[in-house]
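Asker: Sequence plus the predicted model coming up.
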Amino acid sequence: MEAQIYFDNSATTPVDPKMAEKMSLFIRECYGNPSSMHKTGREARNAVEEARKQVADLLHANPGEVVFTGSGTEADNLALVGVFDTFGDIPFHLITSKIEHPAILESCRYLEKRGADITYLEVDASGLVNPVCLEKAFRPSTRLVSIMTANNVVGTIQPIRELARITHQHGAIFHTDAVQALGRIPLDFWGDVDLVSVSAHKIYGPKGVGALYIRSGLPLEPLLHGGGQEAGRRSSTENVPGIIGFEKAAEIARNNMAGETARLVQLRERLIDGILERINNAYLIGHRHLRLPGHVSVGFAGQEGEAIKLLLALDEAGIAISAGSACSSGHAAEPSYVLQALGFDPLKARGGLRITLGRFNTVAEEERFLDILPGVVREMRPITSRNIASRSNVSKKKWNKGELMIHDSEITGNELRAVRLPDL
Ligand code: PLP
């Protein structure tokens, strides 16, 4: 496989080789079921409990407060649905923001169907939740607040400590989705929050394993019922190699975070300056400073409808980035709900490009990107949903959920191509 310059570290990170080494050793040699009583089983149990300590360390938590899950999405679902279920028939109001990941927003929609009232807070033009707005949203029936630590589309970092403090003054529970923040910024709110979701694949670990921090003593109903693993909070035989991979990724993240954060901030600032200097219609999206270290989100004035075309042209040139809208709901042809919440009109909200740098990116890669990008932006021609739909052969094709049909001749000279757009 020919390697691309990988600037999509918010979608997922490449695995750290040291992590992969440890994981593959455990896949081969530590195959026991941690619930078995024999030596092979006990070895697997010990490995899982050692891993729990390491992940707890990165979370500034006690090992007993960490429940391993199958993903960040599952951790988010467990937090919201698990709290809701502890309240039974008691009125339940939940406050969240309009820019949360679909793992939160879709859980909210599910809870609405089950009778919960949900308030979706507005954010300002940089993506920040205003603590005063949170304060005003409380009702006597508010039980839970869920605000993400850092946004996956625009990278904005929220004032979590302050939001959690207000929440507790109103006697409610505070959850934060820290999937994008873990290992990237020091999380200074530990002790102030009740529930925190994280995921291994954003910190150079394996996919398909996450964790939920549950403050000691907090009641929470499980989503999965079965053999009672994870202290009854998540039944299912533990994903031992995945958990071991998470352990190693957490250890590396904790040992390297200070240096890595500083280096990524430097790379980010060079990239932002380089784009704004070289492309005169470029503008930065999100907060100028309160943003994740490697996270750059940009738009190009007047060319917002062409973000997907730009992404594909960069892909052809060997560079992997995301369109901001690709993270909205799997419908890149639709405007990004996150950008709309920041005040972008629907056309402009199709135009964010997300460039996210990580551990393995170099200055040389950044230079190459800065050399290529201005030419690619200049050569873009509009490709709007209007001129796609007007072609008769397109309308005969089925547009599946989550697919953007593009007229590929604009890019490669081929006929038509359906591009599958995942939630990231
Ligand atoms: N929350 C945020 C903010 C994310 O960015 C993601 C993944 O992109 C998730 C949750 C879901 O995590 P996972 O991919 O582990 O299900």
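Answerer: Looks like it came in fine.

Asker: model confidence over stretch 92-100, on average?
Answerer: Averaging pLDDT along stretch 92-100 yields 98.

Asker: now stretch 319-338
Answerer: On average, the pLDDT along stretch 319-338 is 72.

Asker: Quick check: end-to-end length of that stretch?
Answerer: This stretch, stretch 319-338, spans 24 Å end to end (Cα to Cα, to the nearest Å).

Asker: mind listing what's buried in stretch 127-142?
Answerer: 127-129, 134, 137-138, 142 (16 or more other Cβ atoms under 10 Å). (Glycine included, C-beta is placed from N, CA and C.)

Asker: Please report the distance of the closest residue in space to Gln4 that isn't next to it in sequence from the ligand.
Answerer: Spatial nearest neighbour of Gln4, chain neighbours left out: Ala320 (4.6 Å); criterion: Cβ to Cβ, 6 or more residues apart in numbering. Ala320 sits 15 Å away from the ligand, going by Cβ to the nearest ligand atom, to the nearest Å.

Asker: for Ala320, what are its contacts?
Answerer: Shown in contact with Ala320 (Cβ atoms under 8 Å, 6 or more residues apart in numbering): 4-8, 314.

Asker: residues near the closest residue to Glu304 other than its chain neighbours, how many?
Answerer: Sequence neighbours aside, Gly351 is the residue nearest to Glu304 in space, at 2.5 Å (criterion: Cβ to Cβ, 6+ apart). Neighbour count of Gly351, defined by other Cβ atoms under 10 Å: 27.

Asker: for Gly228, same thing?
Answerer: 12.

Asker: contacting residues around it?
Answerer: Gly228 makes contacts with Ser235, as judged by Cβ under 8 Å, 6+ apart.

Asker: Give me the distance between the residue lying closest to Glu306 once chain neighbours are set aside and Glu135.
Answerer: Spatial nearest neighbour of Glu306, chain neighbours left out: Met380 (4.8 Å); criterion: Cβ to Cβ, 6+ apart. Met380 sits 44 Å away from Glu135, going by Cβ to Cβ, to the nearest Å.

Asker: cool, Glu21 as well?
Answerer: 49 Å.

Asker: pretty sure Gln4 is touching Gly318, no?
Answerer: Yes. With contact defined as Cβ atoms under 8 Å, Gln4 counts as touching Gly318 (5.2 Å).

Asker: number of nearby residues for the residue of the chain at minimum distance from the ligand?
Answerer: Per Cβ to the nearest ligand atom, Gly72 is where the chain lies closest to the ligand, at 2.6 Å. Using other Cβ under 10 Å, Gly72 has 25 neighbouring residues.

Asker: and it, what is it in contact with?
Answerer: 101, 103, 177, 179, 197-199, 202, 210.

Asker: quick one: pLDDT of Met1?
Answerer: Looking at Met1, the pLDDT reads 65.

Asker: next one: Leu187
Answerer: What the model reports as pLDDT for Leu187 is 78.

Asker: follow-up on the earlier one: pretty sure the residue nearest to Glu306 is in contact with Leu311, am I right?
Answerer: No. Using Cβ under 8 Å, Met380 is not in contact with Leu311; the gap is 10.8 Å.

Asker: wait, isn't Ala79 in contact with Ser146?
Answerer: Yes. If you go by Cβ under 8 Å, Ala79 and Ser146 touch, sitting 7.0 Å apart.
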